[in-house]
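**Student:** Sequence first, predicted coordinates after that:
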Amino acid sequence: MSVSKRLTSVLFSFCIALTLSTLATAEDALELAPNGNFEAPNSDASWPNAWGGIKTGGTWEAEDGNRFLRLKSPRPGEMVMLYQEIKLPADVQALKLTWKQRVSDLKKGKNSWFDARIMLEFIDDQHQKVTPTPSAATTGKDTDGWVQREAQFLVPEGAYWLKFMPALFQVESGTFDLDDISLQPIDPAPLREAMQRKTRQRLAKLEANAAKRREKAQATLEQWGSLIPNGDFAELKNGQPTAWGKMTGDLSWQSEDDNTYLRIQSNTPGKLSMVYRTYDIPAGTKALELTWKQRISNLEKGEMPWHDARIMIEFQGIDGKKVTPKPSPSYTQKNTDGWVEKSKSFLVPEHALTVVLMPSLFEVTSGTFDLDDLQLKPTSPEPLLAAAKLREEEAKFRHVPHEEPNPANWPKMLKVVGNRIQDTDGNDVWLQGVNAGGLETLPQDKQQIKSTVVAIDQWKANCVRVPIKDAFWYGQSPYQKDGGKEYRETIDRIVNLAANRGAYVVLDLHRYRAPKQEHADFWKDCAAVYKNHPAVLFDLLNEPHGISWEVWRNGGFVGTKQGTDESAFLNEVEKKKNQGFESVGMQALVDAVRSTGANNIVIAGGLAWCNDLTGIADGYALDDPTGNGIMYSWHTYHWHTDWEKRVLPAAAKYPIFLGEVGADIKKMDFIPAEAQEDPYTWVPDMLGFIQQHHIHWTGWCFHPKATPIMISDWKYTPTPFWGQFAKDALDGKQFELKRTR
């Protein structure tokens, strides 16, 4: 919406004229307020005819032979209001309201608008509010006896009724007498002309003011090299950074090694602690880049997923109102390792004059958010425009037409035969594909639907591993309000799309550490849904770790995790939930599936985040007397070694499913950088190892933000260091195994 149009809406209410009108009204003008002089009584003579009652504080009075309505405050702060709906003619475009009033003994309430007033609103034929709304006719002090008042206003399109609401609005005391109410249609042209004139005047004034502010912003940029003056807090006056002022409450200035920085401290759980700063934007600025340093400590998120440390960004126009679109916030949900540098670039919407920055601890349970070296500068919009165009293309590309189940195209049911898997016709099947990640993180994500189709149709995968979360299955996320119905429907659609293409789906319960009773309960539910579906396999628990093989198989107490933590992506609350409990063991998960009558192949991950299968060959294999068998899952990345030792003894006896594998040029921060091999050497050897030993595999991850990334965008462009190698392997290319690790 243009500034002119927005101001037109705002200034609509300015057309109320609360003084005597110069417009003449014909004697035979249409009167819309019946019995406006309150003289005619109702059937029992207790109230004026055609008028609604007043719940409290209203009386029908007589004085010198004249009848009128009285509103009187019975006690301080209580609302006294007459509510009357007046039906409007279909073609009415403007109205004139006249009345007499007498206000006495008025003492306003706690707020300035707690006074005597007539409120007016429009509603449509469905009793929904129609805007713009006329301004209230207010009176804040006693009148000198009876006075004549008038208001004129335009009628918005769609208005069917006018709500007429005289009130003593939560006053301390007062009496509000009303008489001779008249509501008549009038010519709208003078009001429209007045509105347009005021709009032009207001707009000209705002634009002139905006031009001066933009010039001042340019001068600030030239002086400081940033739109944020003194953003490094180095210039001090009386111990306070200039251009910033004193900080109080949850905000404070801190010094460390002669460096001054801003601290946001959460002192009350669930409270918003925020710095609010506005900066005008120079003329011609199409994009901005914000850079800063931050240090976050003792952070514990709040009740909702977005209750974290974040910098929110908004825009305002020349009229001070919000302008859209606004950038997504920059958020952090865990502590940082000391000071870290951050940056965010974003487009400036048309008509924006001011950018609003709001660093905050957003209703966290606890935390400290330190900020320093803030800079805000104009930047090139081209990369951002290209990214926006790509998002539009990705959104269009995401669509997948609905498909009905077509069992004639479904793959054959699988079973374990020795260390291989075969279909019901006795043919060996080699599962190869990708992980369609995302549903383990966001229950409302739908991208995996398209990912499944692309993986099978374009990348030639015959298997898609889909990480899922039991809490989302039951609808326990703050994002869910339907008990998990939509989430389960998404999974069902993925299964159907894969099955219709003759491919398989591995449903991976993406949980960690050790099996719990809640996991067994989930598998009873999930397995009952997909019982004996030929395209579905069950991956029982994503990455067990930090337990013995005995506990892994049969259950037992799970204590505190020791050693390298490859689940660094979990927050501290999630990690605590994964210790100090009694595990039911992996065998209990197998039994839970089989208790439903489901014979589908189940997949059991080994220890050390699924990287170690040595215990399977050493006597800890699981029992499955009634089902189609068990595959054992191995996960390996470009910092793992001892390939042969960890997997080949088990592979000699059982089919191995390499559920997660991959390498990235981006270094993981929880593994020493020198231990992470270059993917261009590691990936070809790993694919050669997979092919030589006929290991079933699904690459991690078919998601541009879940490292190691196989694709760089949602148009499924393969990454050169991992995705392209994997795509070639799925297409049948053979890789030479030059050396193992």
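**Tutor:** Here it is on my side, so go on.

**Student:** Would you tell me which helix is longest in this protein?
**Tutor:** The helix of greatest length in the chain, counted in residues with DSSP state H as the criterion, is given as helix 189-224.

**Student:** gap between the helix or strand just after that one and the chain center?
**Tutor:** Heading C-terminal from helix 189-224, the first helix or strand you meet, by DSSP states H and E, is strand 236-237. Taking Cα atoms, centre = their mean, to the nearest Å, the mean C-alpha location of strand 236-237 is offset from the chain mean by 40 Å.

**Student:** what does stretch 366-381 give?
**Tutor:** 22 Å.

**Student:** Show me what the longest helix of the chain is packed against.
**Tutor:** Here helix 189-224 is seen to pack against helix 3-12, strand 147-154, strand 277-280 when contacts are counted using 3 or more Cβ pairs under 8 Å, 6 or more residues apart in numbering; DSSP states H and E. Just so you know, the C-beta spots here come from the backbone N, C-alpha and C atoms, and that holds for glycine as well.

**Student:** next helix or strand past the longest one?
**Tutor:** It refers to helix 3-12. Proceeding C-terminally, helix 3-12 gives way to strand 58-63 as the next helix or strand, assigned by DSSP H and E.

**Student:** ok, that next one: who's next to it in the sheet?
**Tutor:** Strand 58-63 has the following sheet partners, assigned by DSSP bridges: strand 66-72 (antiparallel).

**Student:** Kindly calculate the angle that the longest helix of the chain makes with strand 147-154.
**Tutor:** Between the direction of helix 189-224 and that of strand 147-154, the angle (axes from the mean of the first three to the mean of the last three Cα atoms, to 10 degrees) works out to 70 degrees.

**Student:** Now helix 189-224: average pLDDT?
**Tutor:** Averaged across helix 189-224, the pLDDT comes to 96.

**Student:** Ranked by average pLDDT, which of the helices and strands packed on helix 189-224 falls at the bottom?
**Tutor:** Across the helices and strands packed on helix 189-224, helix 3-12 has the smallest mean pLDDT, namely a mean of 40.

**Student:** hang on, Thr291 is in a helix, isn't it?
**Tutor:** No - when DSSP: H, G, I helix; E, B strand; the rest coil is applied, Thr291 is found to be strand, with no helix at that position.

**Student:** now it: how far from Asp373?
**Tutor:** Applying Cβ to Cβ, to the nearest Å, one obtains 7 Å for the distance of Thr291 from Asp373.

**Student:** Please say which of the two ends up with more neighbours.
**Tutor:** For Thr291 versus Asp373, the count of surrounding residues by other Cβ atoms under 10 Å is larger for Asp373: 19 against 16.

**Student:** SS state for that one?
**Tutor:** Reducing the assignment to helix, strand or coil with three-state DSSP, the entry for Asp373 is strand.

**Student:** Do you know the pLDDT at it?
**Tutor:** At Asp373, the pLDDT value in this model is 98.

**Student:** could we number from 32 for the rest of this?
**Tutor:** In the new numbering, first residue 32, that becomes Asp404.

**Student:** Test my guess that it contacts Ile259.
**Tutor:** No - judged on Cβ atoms under 8 Å, Asp404 makes no contact with Ile259 at a distance of 9.9 Å.

**Student:** Provide a list of residue ranges in the protein with pLDDT below threshold.
**Tutor:** Scanning the chain for pLDDT under 70 picks out the ranges 32-60, 592-607.

**Student:** Identify the residue nearest the residue sitting nearest the centre point of it in space, chain neighbours excluded?
**Tutor:** With distances taken as Cα atoms, centre = their mean, the chain has Trp337 as the residue nearest its mean C-alpha position (7.6 Å). In space, not counting the residues next to it along the chain, Trp337 is nearest to Phe393; the distance is 6.6 Å by Cβ to Cβ, 6 or more residues apart in numbering.

**Student:** Tell me how far the one you found lies from Asn240.
**Tutor:** Shown here: Phe393 relative to Asn240, a distance of 32 Å by Cβ to Cβ.

**Student:** quick one, which of these two is more surrounded?
**Tutor:** Neighbour comparison, Phe393 and Asn240: the larger count goes to Phe393, with 24 against 12 (by other Cβ under 10 Å).

**Student:** Quick one: residues in contact with the one helix or strand Ile452 maps to.
**Tutor:** Applying DSSP H and E as the criterion places Ile452 in strand 451-454. Residues outside strand 451-454 that contact it (Cβ atoms under 8 Å, 6 or more residues apart in numbering) are 442-446, 459-460, 462, 632, 660, 662, 686, 725, 727.

**Student:** Export those residues to TSV and append columns for distance to Arg429 and secondary structure.
**Tutor:** Compiled in TSV, those are given as follows (distance: Cβ to Cβ, whole Å; DSSP: H, G, I helix; E, B strand; the rest coil):
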residue	distance to Arg429	secondary structure
Pro442	25	coil
Lys443	31	coil
Met444	31	coil
Leu445	30	strand
Lys446	36	strand
Asp459	35	strand
Val460	30	coil
Leu462	26	coil
Ile632	31	coil
Gly660	36	coil
Met662	32	strand
Pro686	34	coil
His725	35	coil
His727	28	strand
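
**Student:** Could you write me a PyMOL select line covering just the buried ones among those residues?
**Tutor:** Here is the PyMOL command that selects only those of the contacts of strand 451-454 that count as buried (16 or more other Cβ atoms under 10 Å):
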select buried, resi 442+443+444+445+446+460+462+632+660+662+686+727
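
**Student:** Just give me the closest of the contacts of strand 451-454 to His430.
**Tutor:** For the contacts of strand 451-454, the residue nearest His430 by Cβ to Cβ is Pro442; the value is 25.2 Å.

**Student:** In terms of helix, strand or coil, where does the residue lying closest to that closest one once chain neighbours are set aside fall?
**Tutor:** The shortest distance from Pro442 to any non-neighbouring residue, by Cβ to Cβ, 6+ apart, is to Gly533 (4.9 Å). The assignment at Gly533 comes out as coil when based on three-state DSSP.
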